[in-house]
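**Student:** quick one, fold the following:
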Amino acid sequence: MKIVVTGGAGFIGSAVIRHIIHNTDDEVLNIDKLTYAGNLESLKDIDQSPRYEFQQIDICDKEALEQVFDSFQPNLVMHLAAESHVDRSIDGPAEFINTNIVGTYHLLEVARQYWQKLDGIGKQQFRFHHISTDEVYGDLEGTTGLFTETTPYAPSSPYSASKASSDHLVRAWHRTYDFPILVTNCSNNYGPYHFPEKLIPLVILNALDGKALPIYGKGNQIRDWLFVEDHARALYKVVTEGKVGETYNIGGHNEKQNIEVVKTICQILDELQPRADGIQYESLITFVKDRPGHDLRYAIDASKIANELNWTPKETFDSGIRKTVEWYLSNTEWCSRVQNGSYQRQKIGISRIGAGE
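**Tutor:** Numbers count the residues shown, from 1 in each chain. As a prediction, this is how the structure comes out:
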């Protein structure tokens, strides 16, 4: 297969591309705008593969997208490009509206027009896989229930509202144009190469630097944690084996309070890299004012993908979080380049890499 992955320099997108190149014979074209969260260094171990290519493109650039589809001739599209940080969406929602909604619209239209020109097996094989989030469902506060594929949408933040909007666009293109789509909604991802604005990498790196470990409110927010490599396996399974028009929820079966997550990281660091002063890392925990509209609990019912596509996560939270901490301890150069911003120099003068170029 020939697969276009949008947002492939991001955290989840890069994991998907690494999975495809390492485990299949498929070709991948990575499309990424390279915003602050796009990091090509996350793809260093596969970027010389003859089956991998990168183009620096904004998904809001319809003309550039048309050229990509005409030249690459993809069988599959995996759409991960998105602004995804809730705090940033609260401070400045405009970019989230533009990328997540308008960008998805342009990608849908270019992909649909490309698909309509196909015939025979090419048209039958084509799939547009839209990767979304469980945050579109809102909050499960005060319940013991789980998000299912039919849970009504009730987004709480500009980020989740923009993702909900893009989900609706994708489903409307299926209903109106019979466009062959798939949608997945995932729980919180964690693992190697995670940008350090998110909770787990932020805690690991702040702890190692002796900085405060900020936790919103009392830290009692509950999230279902999904190891990113498990998620990558699930996404590839959905795009290649899923039923057109269907939605699949992907979860890690690991509900944890934020305070539990932070304390677990501290305990692993105490074991693997204890502080020189002998003080435990938990002493750095600091509680800060909760953010506006903060959802208390997310939890995924992933039984549909387990029953229909035979996918379940390989990692427990204990095994996944240990692997994650160990990765950050072993990849301090990657971390320092992200922290000091030097990784962003990759953006200067780059339009295309891969296939040995």
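**Student:** can you pull the contacts of residue 132?
**Tutor:** 163, 166, 167, 183, 184, 185, 186 (CB atoms under 8 Å, 6 or more residues apart in numbering). Every C-beta, even on glycine, is put in place using the N, C-alpha and C of the backbone.
**Student:** one more pass at 6 Å, please.
**Tutor:** 163, 167, 185 (CB atoms under 6 Å, 6 or more residues apart in numbering).
**Student:** okay, and which of those map to strands?
**Tutor:** If you go by DSSP state E, those have residue 185 in strands.
**Student:** adding neighbour count, distance to residue 128 and pLDDT, write the contacts of residue 132 out as a markdown table.
**Tutor:** Listed next are the contacts of residue 132 as a markdown table, based on neighbours: other CB atoms under 10 Å; distance: CB to CB, whole Å; pLDDT from 0 to 100:
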| residue | neighbour count | distance to residue 128 | pLDDT |
| --- | --- | --- | --- |
| 163 | 29 | 16 | 97 |
| 167 | 21 | 13 | 98 |
| 185 | 26 | 16 | 98 |
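**Student:** so where do the strands sit in the stretch 151-300 of the chain?
**Tutor:** Secondary structure of the stretch 151-300 of the chain (DSSP state E, counting those that start in this stretch): strands at 181-186, 188-190, 213-216, 222-227, 247-250, 255-257, 285-288.
**Student:** right, so of those, which gets closest to residue 37?
**Tutor:** strand 188-190 (13.0 Å; CB to CB).
**Student:** thinking again about what came up before, and the strands of the stretch 151-300 of the chain as JSON lines, adding distance to residue 71?
**Tutor:** Shown next, in JSON lines, are the strands of the stretch 151-300 of the chain (distance: least, CB to CB, whole Å):
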{"stretch": "strand 181-186", "distance to residue 71": "23"}
{"stretch": "strand 188-190", "distance to residue 71": "31"}
{"stretch": "strand 213-216", "distance to residue 71": "46"}
{"stretch": "strand 222-227", "distance to residue 71": "34"}
{"stretch": "strand 247-250", "distance to residue 71": "31"}
{"stretch": "strand 255-257", "distance to residue 71": "45"}
{"stretch": "strand 285-288", "distance to residue 71": "48"}
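**Student:** closest to residue 55 out of those strands?
**Tutor:** Across the strands of the stretch 151-300 of the chain, closest to residue 55 is strand 181-186 (CB to CB), at 22.9 Å.
**Student:** report the angle between the closest one and strand 222-227.
**Tutor:** 120 degrees (axes from the mean of the first three to the mean of the last three CA atoms, to 10 degrees).
**Student:** I'd guess residue 131 is in a strand, am I close?
**Tutor:** Yes: Residue 131 forms part of a strand when assessed by DSSP: H, G, I helix; E, B strand; the rest coil.
**Student:** rewinding a little: among the strands of the stretch 151-300 of the chain, which comes closest to residue 315?
**Tutor:** strand 222-227 (4.0 Å).
**Student:** and residue 10, which of the strands of the stretch 151-300 of the chain is closest to it?
**Tutor:** strand 188-190 (10.5 Å).
**Student:** the closest one pairs with which strands, and in what direction?
**Tutor:** Applying DSSP bridges, strand 188-190 is found paired with strand 222-227 (parallel).
**Student:** which residues are contacting the partner strand?
**Tutor:** Here strand 222-227 has contacts from 187-191, 251-252, 254-257, 297-300, 315, 317, 320, using CB under 6 Å, 6+ apart.
**Student:** and if you look at stretch 238-251?
**Tutor:** In contact with stretch 238-251 (CB under 6 Å, 6+ apart) are residues 76, 78, 127, 129, 149, 174, 180, 182-187, 224, 234, 300, 302, 304-305, 309.
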